[in-house]
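1. Sequence below, structure please.
(chains A and B)
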Protein chains: 2
Amino acid sequence: MAATSLNVGLIGLGTVGSQVAERLVTGQPQLTRRAGLELCLQRILVRDVNKPRAVTVEPGLLTNDPDLLLDDNDIQVIVEVAGGDEPMHSYLERAISAGKHVVTANKVVMANHGMQLLTLAAEKNVDVYFEAAVGGGIPLISTFRTDLQANRIERLSAVINGTTNYVLGRMGTDGLALEDAVKEAQAAGYAEADPTDDIEGFDATYKLAILGSIAYEISVRPGDIYREGINGIEPVDFRYARELGYAIKLVAHTQRHRGRVEARVHPALVPLDHPLAQVEGADNAVFVEGDLVGRVLLKGQGAGGRPTASAVVGDLIDLARSIRRGVQNRPSFTFDDRVGVVPMGEVVTRAYYRIRAEDRPGVLAAVGQVFAEEGVSISSFIQKDAWVEEKTAELVITTHPTEDTRLQKARERIAGLQPVRAVSSFLRVF
Amino acid sequence: MAATSLNVGLIGLGTVGSQVAERLVTGQPQLTRRAGLELCLQRILVRDVNKPRAVTVEPGLLTNDPDLLLDDNDIQVIVEVAGGDEPMHSYLERAISAGKHVVTANKVVMANHGMQLLTLAAEKNVDVYFEAAVGGGIPLISTFRTDLQANRIERLSAVINGTTNYVLGRMGTDGLALEDAVKEAQAAGYAEADPTDDIEGFDATYKLAILGSIAYEISVRPGDIYREGINGIEPVDFRYARELGYAIKLVAHTQRHRGRVEARVHPALVPLDHPLAQVEGADNAVFVEGDLVGRVLLKGQGAGGRPTASAVVGDLIDLARSIRRGVQNRPSFTFDDRVGVVPMGEVVTRAYYRIRAEDRPGVLAAVGQVFAEEGVSISSFIQKDAWVEEKTAELVITTHPTEDTRLQKARERIAGLQPVRAVSSFLRVF
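-> Reported below is the predicted structural model:
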């Protein structure tokens, strides 16, 4: 007997969950027609069943007992939009083990345990969908899993953290200090009460781990990815960057090398005419290069309830169709574990140094000497903003591509030069 | 017994076909792993089997007899990259009727006969893939068919003809006349010997018909779409546009209204900060707005052998996986035929007029009087470039949003005013 409905257990009824629930309830006729099956919301796991909700759902659907979803044989798919590693990882593992399909927006679980869950799902002949885990409703996972499959992916550069992009935008446009821009982002709903995950770049590494793993069919773990957050950038850096023809963005970048990949998340000067320089506000964008397709840009809202719900419900429809078509064997993902990540020190990149030094003869010669000894070739040089009273000046230097280890060595040595007060900023140039 | 290979009959071995053949041959191990089946190129239909080819294929694969592909029961999928309506439409119809799957890059066939072929395919329980028909390797069809399925699509604006975008770019940047820019595009391989299809906007209407049909699940025929080409635009229009803060692009646009949709292809002034204004060279971009996902931009190379082959082979891999998973029932497309296209006269838009008039008192009053009588409100006005010897001046006027029929009426009446020599340009403002 052909299935006529797909019974859904939803975990989480916050920003994303409410939108998913609302679409499942109010969009019913259209979704049923598109999916070929009725998508029935059977039960919703929440922390507090009595909390007032923005969305109207039948009170009987709510529970705080995960077993009522995970042990219910009538529930065929678990939709998880609660976030965080545990207990969600265990819930999803239990669901898959019990033969349930999974649709998740959980970047942490997918970045840390994705390979394990996908392997388990293949054994159990169920599907795991996770389009919503990266870039809200922008079609990313599906693009790599399907559309670009004929390609060898050469590189992928992305702005995939909306919070830092908003913060950097406010610093660059209006000269706000980092902490003020963060407060504004919190007030606007773009940053969480504790913004560490975003500001320190952790969020971007989770997402890059997922994208890199899918794009290259290798296992990229968040811990393998070089990570630097946006702390320490000052408004003056945006002014110098602009003068030199750059914006400052938190860039997630991965690139194929012989038998290895580069994978790094850090703030970078991005040329103003590069598509990533034009990603504004809390938007996300992924710029990917494949050997056949050339360069493709995918851009949109990277987070938020409605865009993320778009991806979750899109995944559900895809799953429903697959069930309706009577799919017998799920594909198993293959990940090549022999491919390693290039250590950051070996990565070849350009750099930007902002140096505060005493305004006296010989400073430039000393700094230049260090660069020369470390084999770093200078691309541009600006001396500015002499603080006459303090007798200090600011030197802004960009370099040609060099191994990162030498750029760092130069940075340390310059910071130790007698007339140098500080290397106030060190940023890579993209 | 589970299938271990998917036997492919290829129609066309030109720019796209060579790239498809080459990837199928040289990419074999990777494709087999990704597809789960071996993709076997069994036979290639070409016009002239003796023509020298850039790609090396076994000579025995080539034939000029379509029956050797269409009547061969060992061939399970026809990949058509030859283009044009007939005989390709008949070939694909025959293939589907014989129970073969189809992967096509043919925008003309899909725009004119897509609904019929998809209906036939559903009856025969085979798949028709056509990602390559629009926008090269940019994931468009799959995005609408899968990723955005939870959404109601509100509008879609696109630069989907690379030839005209290249030509307009050259006119705007270097002040080339249209015919010189077309010659340059031909030399660069971006325009065909007969560029009519591109320059007159036909190509863009085929693509918009396909995208609009998929996005709204309605039947949009190319003939339903209002169409204007780029003839008549002069380099001076780019100068005025830039001064007013706009680029000039050939825009394909469709938008949802109550029970109807707007669908039009015409050159338009696009605000410089709009993503479509930043589409350069022969690139394509689609800017789509859904009720959940918000605004998404998809951008990349819209044509060419390799990007198009990326989409064709991506489709083939998807098909192979579907066969390997033992899919029993293909989805049938539903198209709502009750939804009509809004006649252009009823479309509300802004407009740009460039008017050549005698340089004497009363001209502006006369022009202003016509606009007032037609209920068209003026947004900006520039008077420039008086040719002293001819005693003529150029008036550049942009309007607020108005029904197109009234903008046209004003245009005719102004052209007929005694002191007006000509309405040299009339363009919509986006």
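
2. count of neighbours near A:Met344?
-> A count of nearby residues for A:Met344, using other C-beta atoms under 10 Å in any protein chain shown, gives 20. The way it works is simple: take the backbone N, C-alpha and C, and place the C-beta from them, glycine included.

3. confidence score at the nearest residue to it once chain neighbours are set aside?
-> With sequence-adjacent residues excluded and distances taken as C-beta to C-beta, 6 or more residues apart in numbering or on different chains, A:Met344 is closest to A:Tyr226, at 4.0 Å. At A:Tyr226, the pLDDT value in this model is 98.

4. Might one say that A:Tyr226 is in contact with A:His253?
-> No - under the criterion of C-beta atoms under 8 Å, A:Tyr226 makes no contact with A:His253, lying 9.6 Å away.

5. Of those two, which one has the most company?
-> Between A:Tyr226 and A:His253, counting by other C-beta under 10 Å, A:His253 is the more crowded of the two (24 against 19).

6. Assign a three-state SS to that one, would you?
-> Assigned by DSSP: H, G, I helix; E, B strand; the rest coil, the conformation of A:His253 is strand.

7. Show me the beta-bridge partners of the residue nearest to it when sequence neighbours are not counted.
-> For A:His253, the nearest residue in space outside its immediate sequence neighbours is A:Ser157; the separation is 4.8 Å by C-beta to C-beta, 6+ apart. According to DSSP bridges, A:His253, A:Phe287 are recorded as the beta-bridge partners of A:Ser157.

8. How much space separates A:Ser157 from chain B?
-> Applying C-beta to the nearest C-beta, to the nearest Å, one obtains 14 Å for the distance of A:Ser157 from chain B.

9. quick one, what contacts that residue?
-> A:251-253, A:276, A:286-288, A:430 (C-beta atoms under 8 Å, 6 or more residues apart in numbering or on different chains).

10. what do you get for A:Ala185?
-> For A:Ala185, the contacting residues are A:163, A:166-167, A:170, A:191, A:195, taking C-beta under 8 Å, 6+ apart as the criterion.

11. Identify, from the residues you listed, the entry nearest to chain B.
-> The shortest separation between chain B and any of the contacts of A:Ala185 is 15.1 Å, and it belongs to A:Tyr166 (by C-beta to the nearest C-beta).

12. A:Gln301 is in contact with that closest one, correct?
-> No - A:Tyr166 lies out of contact with A:Gln301 (C-beta under 8 Å); the separation is 11.6 Å.

13. where do the contact lists of the two overlap?
-> Common neighbours of A:Tyr166 and A:Gln301 (C-beta under 8 Å, 6+ apart) are A:Ala282.

14. so A:Ser380, which of the three states?
-> If you use three-state DSSP, then A:Ser380 falls in the strand class.

15. any idea how far it is from A:Val367?
-> Relative to A:Val367, A:Ser380 is positioned 14 Å away (C-beta to C-beta, to the nearest Å).

16. out of the two, which sits in the more crowded spot?
-> For A:Ser380 versus A:Val367, neighbours defined as other C-beta under 10 Å are more numerous around A:Val367 (24 against 14).

17. contacting residues around the residue nearest to the more buried one when sequence neighbours are not counted?
-> In this structure, A:Val367 finds its nearest non-sequential neighbour in A:Ile414, 5.7 Å apart by C-beta to C-beta, 6+ apart. With contacts defined as C-beta under 8 Å, 6+ apart, A:Ile414 is in contact with A:353, A:355, A:367, A:370, A:420, A:423.

18. looking at this, A:Ile414 is in a helix?
-> Yes - in this structure, A:Ile414 lies within a helix as judged by three-state DSSP.

19. The residue of chain A most remote from its centre: what secondary structure?
-> For chain A, the C-alpha lying farthest from the average C-alpha position belongs to A:Pro361; by C-alpha atoms, centre = their mean, that distance is 45.5 Å. When the structure is reduced to helix, strand and coil (three-state DSSP), A:Pro361 reads as coil.

20. Relative to chain B, how far out is it?
-> Distance of A:Pro361 to chain B, computed by C-beta to the nearest C-beta: 46 Å.

21. how about that residue, phi and psi?
-> According to degrees, to the nearest 10, the main-chain angles of A:Pro361 amount to phi -60, psi 150.

22. That one and A:Ala282, how far apart?
-> As judged by C-beta to C-beta, A:Pro361 and A:Ala282 stand 47 Å apart.

23. Now do the helices for the stretch 301-430 of chain A: every range, in order, please.
-> With DSSP state H, counting those that start in this stretch as the definition, the stretch 301-430 of chain A shows helices at residue ranges A:305-324, A:363-373, A:404-415.

24. just the angle between the first one and helix B:305-324, please?
-> In other words, helix A:305-324. On the basis of axes from the mean of the first three to the mean of the last three C-alpha atoms, to 10 degrees, helix A:305-324 is oriented at 50 degrees to helix B:305-324.

25. and helix A:305-324, what other elements does it pack with?
-> When contacts are defined as 3 or more C-beta pairs under 8 Å, 6 or more residues apart in numbering or on different chains; DSSP states H and E, helix A:305-324 sits against strand A:5-11, helix A:15-26, helix A:28-35, strand A:38-45, strand A:77-80, strand A:101-104, strand A:128-129.
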